[in-house]
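K.L.:
what would the 3D arrangement of this be:
(one chain, ligands or ions: 2)
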Amino acid sequence: MIVAVATQKGGSAKTTTVVNLGAALAASGRRTLIMDLDGQGHASYWLLGTEGRHRGPFVHDWLEGRAAADDVVRATHWSHLDVVPANLAINALRDQLEAARRASARRLLAERLRGLRDRYSWILLDCPAGLNALAVNALVAAEGVLIPVAPPEPLALDGALHLLQTVERITQATPPGPRLLGVLVANTQPRRAAERRHVDRLRARGLPILASQIPTSARVATAAAAHRPLVAHAPSSPAAAAYRELAAELSILVERHAA
Ligand SMILES: Nc1ncnc2c1ncn2[C@@H]1O[C@H](COP(=O)(O)OP(=O)(O)OP(=O)(O)O)[C@@H](O)[C@H]1O
Ligand SMILES: [Mg+2]
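P.N.:
Ligands and ions are numbered 1, 2, ... in the order given. So this is what the prediction gives:
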């Protein structure tokens, strides 16, 4: 299952979700690949550390045909979990894809992923914020999309609704388009009535809100600084438990759909 984790708004727990959901899926024995598509390289930083993230080849080398899949995929310290790193140089490719305006420019990632998808149960695409050509490539390549709303507040809701409009356009242009796996409420303090009201507003619009919600946790920042996913860094923390629950919820959702 190729899943794009995307939303219009920056700083909405996309990378946090990709890294920690990916690690939870891998810990449950599912072969998982995390693909960093953001020039910031935050997923690469989190999983490979400051030195590891500077060593290429990078995702743009593979997309441009200069590196083979075997060279760009990097093992992590955790079983069943691999990562394809990104660095700032991906932004030149983004600009080329944006200038190209050909339909094939939107399908570059989808085409390249054909050679990788059978090796993994899950491929999680960490999208950049906004809806640039790299995010569009991810949505075209994805079979599923997960939209984090984190924390649940009006601008995050707006970002989720924007993303949904883009998914609809992509579905019309290149059917069948990705299936909406759900909206993930993250970095949340559910005791706050205002947050609950915002989530209810999304539900009232008919959006599927995943049952698993990720609480706000100081462990997220310490895990990133330690270059370890939550399930390894603070396995008994409520946030790590929530990511394990999310992995189980999505696995059931996808496996039931496939049956
Ligand atoms: N559950 C959580 N508890 C506390 N802080 C969190 C939680 N989830 C995410 N954050 C914090 O929110 C910030 C944004 O998270 P993250 O980098 O994952 O977002 P993003 O959507 O990938 O951002 P960008 O658009 O820059 O790629 C980070 O500082 C992260 O540590
Ligand atoms: Mg990010």
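K.L.:
from here on, just use CA atoms for contacts and neighbour counts.
P.N.:
OK.
K.L.:
ligand 1 contacts on the stretch 51-200 of the chain?
P.N.:
Pro128, Ala129, Ala186, Asn187 (C-alpha under 6 Å from any ligand atom).
K.L.:
one more time with 8 Å, if that's ok
P.N.:
Asp126, Cys127, Pro128, Ala129, Gly130, Pro148, Ala150, Pro151, Ala186, Asn187, Thr188 (C-alpha under 8 Å from any ligand atom).
K.L.:
how near is the residue of the chain most remote from its centre to ligand 1?
P.N.:
Relative to the centre of the chain, and counting by C-alpha atoms, centre = their mean, the farthest-placed residue is Ala193 at 27.9 Å. Per C-alpha to the nearest ligand atom, to the nearest Å, Ala193 is found 18 Å from ligand 1.
K.L.:
same thing with Ser217?
P.N.:
4 Å.
K.L.:
which residue comes closest to that residue once chain neighbours are left out?
P.N.:
Residue nearest to Ser217 in three dimensions, not counting chain neighbours: Ala239, with 6.4 Å by C-alpha to C-alpha, 6 or more residues apart in numbering.
K.L.:
hmm, that neighbour is touching Ala221, no?
P.N.:
No. If you go by C-alpha atoms under 8 Å, Ala239 and Ala221 don't touch, sitting 11.7 Å apart.
K.L.:
more crowded one of those two?
P.N.:
Using other C-alpha atoms under 10 Å as the criterion, Ala239 and Ala221 rank with Ala239 on top: 24 against 12.
K.L.:
what sits against that one?
P.N.:
Ile214, Pro215, Thr216, Ser217, Arg219, Val220, Leu230 (C-alpha atoms under 8 Å, 6 or more residues apart in numbering).
K.L.:
circling back to that earlier point, which helix or strand contains the residue nearest to Ser217?
P.N.:
helix 238-258 (DSSP states H and E).
K.L.:
is that helix in proximity to ligand 1?
P.N.:
Yes. Remark: helix 238-258 sits within contact range of ligand 1 at Ala239, by C-alpha under 8 Å from any ligand atom.
K.L.:
list the buried residues in that helix.
P.N.:
Judged by neighbour count (16 or more other C-alpha atoms under 10 Å), helix 238-258 contains these buried residues: 238-248, 250-251.
K.L.:
and if you look at stretch 2-22?
P.N.:
Result for stretch 2-22 [16+ other C-alpha under 10 Å]: buried residues 2-9, 12-22.
K.L.:
pLDDT below threshold where in the stretch 1-150 of the chain?
P.N.:
Across the stretch 1-150 of the chain, nothing is flagged by pLDDT under 70.
K.L.:
ranges for the helices of it?
P.N.:
According to DSSP state H, counting those that start in this stretch, the stretch 1-150 of the chain carries its helices in the segments 14-27, 42-52, 59-63, 69-72, 90-100, 103-106, 108-113, 133-141.
K.L.:
in a markdown table: those, plus distance to Thr174.
P.N.:
Converted to a markdown table, the helices of the stretch 1-150 of the chain look like this (distance: least, C-alpha to C-alpha, whole Å):
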| stretch | distance to Thr174 |
| --- | --- |
| helix 14-27 | 24 |
| helix 42-52 | 28 |
| helix 59-63 | 20 |
| helix 69-72 | 25 |
| helix 90-100 | 17 |
| helix 103-106 | 9 |
| helix 108-113 | 12 |
| helix 133-141 | 7 |
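K.L.:
and those helices: which comes nearest Val83?
P.N.:
helix 42-52 (7.3 Å; C-alpha to C-alpha).
K.L.:
ok, and the closest non-adjacent residue to the residue of the stretch 51-200 of the chain found nearest ligand 1?
P.N.:
Residue of the stretch 51-200 of the chain nearest ligand 1, by C-alpha to the nearest ligand atom: Asn187 (3.6 Å). Once flanking residues are discounted, Asn187 sits nearest to Thr216: 4.1 Å by C-alpha to C-alpha, 6+ apart.
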